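*Asks:* Please work out how this folds:
(2 chains)
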Amino acid sequence: DQQVKQNSPSLSVQEGRISILNCDYTNSMFDYFLWYKKYPAEGPTFLISISSIKDKNEDGRFTVFLNKSAKHLSLHIVPSQPGDSAVYFCAAETSGTYKYIFGTGTRLKVLA
Amino acid sequence: DTAVSQTPKYLVTQMGNDKSIKCEQNLGHDTMYWYKQDSKKFLKIMFSYNNKELIINETVPNRFSPKSPDKAHLNLHINSLELGDSAVYFCASSQVLDASYEQYFGPGTRLTVT
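*Replies:* Sure thing, here's the model as predicted:
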């Protein structure tokens, strides 16, 4: 029962273009969403988050969009850089439960 | 100056052995977690401790026993290791502040059971 899904296991994008990573969830009780970036042999590092009271949050080159009715969120990276090549995980939580549910990740490759 | 550290980074052991993985965070966070990332790269929560109290136990076999001697440490002890325990184990910590729930992860411990 995978409550958070990232249906694209991999994505390749040219340097300078936009990268769009998608995430779908099934549990309507989730109200906080996060994106993490993971390099090989390292732990995930926090990238950006969004609360369910918002539909967009922006931090530099990274923007997360939340569509609650579709139970869908996406991470936009623009412009993409080779250093962005990593695995990206989305995660979701119901506030106060301390229980983060992670997607299976999308491997992004930014081509120089 | 590592925020969340785990030891050891690699652990190779035989079936039936007992082993421990240590985790320490120097961020002053009050909540710590253990995650397991299996061969399919699925990152799944195992345990969560808040102020040394167990708050999440995700149907993990009781061969796995977390121990939190203080807020900065959450160790994972595994008894009678099985082949299926082979995975990467990540420790993480967080502090809930104004609805900010971001977690800080350690570098992971790759456990191989032979």
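*Asks:* Output the below-cut-off pLDDT ranges for the chain.
*Replies:* Going with chain A. Along chain A, segments meeting pLDDT under 70 span A:1.
*Asks:* should've been chain B
*Replies:* B:1, B:96-100.
*Asks:* how about 90 then?
*Replies:* Low-confidence segments of chain B (pLDDT under 90): B:1-2, B:30, B:38-43, B:48-61, B:71, B:95-103.
*Asks:* Near chain B, which residues of chain A are found?
*Replies:* Residues of chain A lying near chain B by CB under 8 Å from any CB of the partner chain: A:32, A:34, A:36, A:41-46, A:49, A:51, A:87, A:89, A:93, A:95, A:97-102, A:104-105. Quick note: C-beta positions are derived from backbone N, CA and C, even for glycine.
*Asks:* For residue B:84, what are phi and psi?
*Replies:* phi -70, psi -10 (degrees, to the nearest 10).
*Asks:* Please name the residues that touch it.
*Replies:* Applying CB atoms under 8 Å, 6 or more residues apart in numbering or on different chains to residue B:84 gives the contacts residue B:113.
*Asks:* Provide a complete list of residue ranges assigned to helices in the chain.
*Replies:* Just so you know, I chose chain A. For chain A, applying DSSP state H gives no helices.
*Asks:* Could you check which residue of it lies nearest chain B?
*Replies:* Closest residue of chain A to chain B, CB to the nearest CB: residue A:43 (3.2 Å).
*Asks:* Now for that residue, how many residues are close by?
*Replies:* 22 (other CB atoms under 10 Å in any protein chain shown).
*Asks:* Residue in chain B with the shortest distance to chain A?
*Replies:* Closest point on chain B to chain A, by CB to the nearest CB, is residue B:105, at 3.2 Å.
*Asks:* what sits against the closest residue to that residue other than its chain neighbours?
*Replies:* Residue nearest to residue B:105 in three dimensions, not counting chain neighbours: residue A:43, with 3.2 Å by CB to CB, 6 or more residues apart in numbering or on different chains. Neighbour list for residue A:43: B:4, B:90, B:92, B:105, B:106, B:107, B:108 [criterion: CB under 8 Å, 6+ apart].
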